[in-house]
Structures are given as C-alpha cells and as structure tokens.
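# Need the 3D shape of this:
(2 chains)
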Amino acid sequence: MNQLFQFLLRQRIFLLFVVLELVNLWGIFKYNDYQHTFYFNTTNRWAASILAMGEEVKSYHQLREVNQDLALENARLHAEIFKLNSQKQPESKIPYFLGEGMLQRYQPLACKVIDQSTQMSQNYLTIDKGTRDGIAPGMAVISSTGIVGKVISCTSDLSLIVSVLHTGNNVSAKIKSTGELGYIKWGGIQPEVANLQDVSKYKKVVKGDTIVTSDYNAVFPPNIPIGIVAKVGLEKDETFHDIKVMLLTHFSTLKYVYVIKNKLAAQQAILEQAKPKPE
Amino acid sequence: MLLLTVVLQILFLRDLAIGNIAFCFLYLWALLKAPLQIPIGLFLIGSFVLGWTVDIFYNTHGMHAFACVCIAMVRPLIFKVLTPANGYDERSSVSLAEMNVLWFFPYLFIMLFLHHVILFLMEAMDASLLGISLLRAFFSALVGMLVFGLLELFSQNK
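Next up is the predicted model:
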C-alpha cells in the first residue's frame, strides 16, 4: 500500500496530466455537437459491423434449415402454378369447364438429393423420400429451374430417379413460342446440353427460343421449362433441324428437387389398359 | 498582461482568420512566457484553466484546454532538448533578451505547432481533413512566431 502511494506521489505530475486531459476529452465529446455525433457515429459503426459479422456467422449455420424451408415453399408455389396454369382458359371458343380433379392434378413434394451423377452416359439420382411419402415409379421430377427426370424405382424411404441426362430417357417437348413439337434426347457427353429432335426443317426455330415440356407428355406436367435453344443447324441430307438446347437445370449443383405426384395417374393407367390391343 | 492577452484573444482575435488558413492564438503568451522554475503541477493546472477559459468563449469545450495541457506537459522536454550552451543557470525567464534567437524561435515554433496540430485535429476529427489541418497548424505557427517575436522585440526596448 505504502509503495502504491509512493508510486502515485512520484508520478503525480503525469497523473495530473492524464486526469486533466481526460477531463478535456470528456468535455470535447460531451459538449461539442460535432465531436459528440462523431463519437456516436464511429462507435455505432463499429458496433454495427461487429453485430453484422455475428449475424453472418449465425445465418451461415442456419442455411441448412433455410434451404429446407425454401424447398418446401417452392413446392407449395409449384402447386399454385400448376393450378393456375390449368385454370387458364384455352383460346377455343367452345365453353370449357375444368373439373376439380384436374385442378388438383399435380402435387409437388420437395425432396433432397442424396446421391447423383452427371459424368456417366446414363445418369441417376437418389432422393431421400420414398413410398412412405407417396412417391411411386413414373412420377415426374423437376427442379426450381427446369426438368430433372423420372422416378423409376422406390423403396420405403428412398427413390431412384432416371435423369434427363440418360440416353434412353426422352422427354416430349415443344417450342414455347410456336408450339412446335419434338423430343429432348441427351447426347451423352455434356451435362449442360441436350438435343431437340424431330423438328421439321421447314419450321422456324430461332436461337434463344425456350423449350418447355409438351401438353401430351406422359410424365411431366405441361409447360415445365427444359432449356434454351443454343444452336440451330441443319443435319445434312435430313429433314430435321439439328438443335442444341442449353438445359436450364444445373445438374451438378442440384440440392433439392420436386417430385410431382399426378393424382390422375391411376385413372390414366386404367384408360390406357382399355385401349384395344393391336392384334 | 495575461489578462490582456486572454481578453484580446476572446474579443478580437477570435474572428481573425488570415486567408482562412492562419489563426492567431495570442492567449498562449502566458504559457510560453511562464517562468522556467515554475512547478509543473501548478503549470498544468494553470494551462488547463487558461485553455478552458478560452474554450468557454470559443464554444469548443475542452479542445483548447486539451492542447494547452499537452504542450504544458511537453515544455520541460523541449527545455531539455534545446539546452543553451551554458545551461539555464542564471536565466529565470523565457525571453528573446535572455535566450538567443536560435533557442527562442525553435522553442516558439515547436510549442505553437504542437498546440495547433492537436487543436485542429481535435476540431476536424476526420482523417480526410488531415492535410488542411496540418497546413493550418503550420501557417498559424508562423503567424504566432511573428506576433510573439514582435512582442519580444518591443519588451526588449523597455
């Protein structure tokens, strides 16, 4: 204690100096408007940036849940879109009524991709939902940007999807602006590009046209985006356009997909069976 | 004389700005001319009171006082650095008559420049105004040297 007092005594000049300067600083920041606001602004800015940093870290940890929520919300929005699209009146003059069954026909279900490939010539995806959630083989699978594929096999908790990036998986498609029909077939090499085939060379196709699923598709709901026309050529000695389509779905970064349950699939199947078989 | 410089400072020199870049701080006279032997504690308190008095009239609470206390603290150091050839033995006051020119003007410049730099930076509170603050401090110090030099010359004749 004694030593402390001696120290204070020895340093009294310096302590006096410090005390006086502190009083001055207090006066400066307390009573001068400009300095006062300056102090508040800087302290607030630092505080705000630190808080923002913390928030960023937190939000990073929440990303998983946020993704899940967004996927669910997207599924809900997809359902709305299907409903609205089917409600849209066709251009025909004939009175047309839409049944309740048709309105509720497509029900999307958000699923997480747990395994997939894009580099093989036949690519498949595995998702984390199965028959327990009502998924059955034959259902269409889309992503938030475009089509993905078709469910081919289910267990109780998992499902296998055959990707559009599969040389045997053709998708009936049309050009959105003209309604010209064709089908999408993957070339087997680039996971970004597919071919649109069966479009007659006498029909007009322009680079940049959007390709969507056709109305007569057995699997997909109509008007699901597939891709953009990237290159239009003419196959030599052929009657068809050679059209390269840039796929809208980014398969390599696919995290969530939507399996579309077709409520009328069973009825369709019954009708199919009713068709007279050719001899 | 102390009262006179403070009153002059408050009433007249407050509004004097030469080219908006040089200011005259005559009230520092008391700080500069304080006796060599003055106890530092007393000197610090004195400079604090002096600075705060000016602050009250300048509406800059604490800024002048801050700069004044700062140079009051530094003054003994400057004395040590600028020791005249034959020491401070028989000298008691800080003046041009007792010290030579080569001691007095550097002393003036260091004190004034330091004071002005601290003051202007305090006022500006902004790194982007650093250049203009230093410029102001420099020219104000030059003006201060001129004024205090003239004062010394006149008191020498007495």
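# which ones are touching residue 110?
Using chain A here. A:Q68, A:A71, A:L72, A:N74, A:A75, A:Y256, A:V257, A:Y258 (C-beta atoms under 8 Å, 6 or more residues apart in numbering or on different chains). C-beta coordinates here come from the backbone N, C-alpha and C atoms, glycine included.
# Actually, chain B is the one I wanted.
Counting by C-beta under 8 Å, 6+ apart, B:I110 has contacts B:I78.
# try 10 Å
B:I71, B:V74, B:R75, B:L77, B:I78, B:V81, B:L82, B:A141 (C-beta atoms under 10 Å, 6 or more residues apart in numbering or on different chains).
# Could you check how far the second one is from chain A?
Counting by C-beta to the nearest C-beta, to the nearest Å, the separation of B:V74 from chain A is 10 Å.
# wait, that residue sits on B:L114?
Yes - here B:V74 reaches B:L114: they are 6.4 Å apart, a contact under C-beta atoms under 10 Å.
# Quick check: the closest residue to B:K33 other than its chain neighbours vs B:M111, distance?
Excluding the flanking residues, the one nearest B:K33 by C-beta to C-beta, 6 or more residues apart in numbering or on different chains is B:V94, at 5.6 Å. Between B:V94 and B:M111 the computed distance is 10 Å (C-beta to C-beta, to the nearest Å).
# Now do the shared contacts for these two.
Contacts common to B:V94 and B:M111, judged by C-beta under 10 Å, 6+ apart, are B:L32, B:R75.
# Stretch A:19-30: which residues count as buried?
A:L20, A:E21, A:V23, A:N24, A:L25, A:G27, A:I28, A:F29 (16 or more other C-beta atoms under 10 Å in any protein chain shown).
# right, is the longest helix belonging to chain A up against chain B?
Longest helix in chain A by number of residues (criterion: DSSP state H): helix A:33-87. Yes - applying C-beta under 10 Å from any C-beta of the partner chain, one finds helix A:33-87 touching chain B at A:D33, A:Y34, A:Q35, A:T37, A:F38, A:Y39, A:T42.
# residues in contact with A:T249?
Contacts of A:T249 (C-beta under 10 Å, 6+ apart): A:141-149, A:163-165, A:191-192, A:225-227, A:257.
# Then B:L31?
B:2, B:5, B:25, B:43, B:46-47, B:50-51, B:68-69, B:71-72, B:75, B:111-112, B:115.
# Name the helix or strand for it, please.
Element membership of B:L31, judged by DSSP states H and E, is helix B:29-33.
# now B:L146
Assigned by DSSP H and E, B:L146 falls in helix B:130-157.
# Any buried residues in that helix, and which?
Buried, per 16+ other C-beta under 10 Å, within helix B:130-157: B:133, B:136-141, B:143-145, B:147-148, B:151-152.
# Check whichever residue of chain B sits closest to chain A and give its pLDDT.
Chain A sits closest to B:G62 of chain B, with a gap of 3.0 Å, by C-beta to the nearest C-beta. pLDDT recorded at B:G62 is 85.
# if you skip the residues just before and after it, what's nearest to it?
Closest to B:G62 by C-beta to C-beta, 6+ apart is A:G27, at 3.0 Å.
# Pull the number of nearby residues for the residue in the stretch 151-279 of chain A positioned nearest to chain B.
Residue of the stretch 151-279 of chain A nearest chain B, by C-beta to the nearest C-beta: A:T253 (44.1 Å). The number of residues packed around A:T253, counting by other C-beta atoms under 10 Å in any protein chain shown, is 9.
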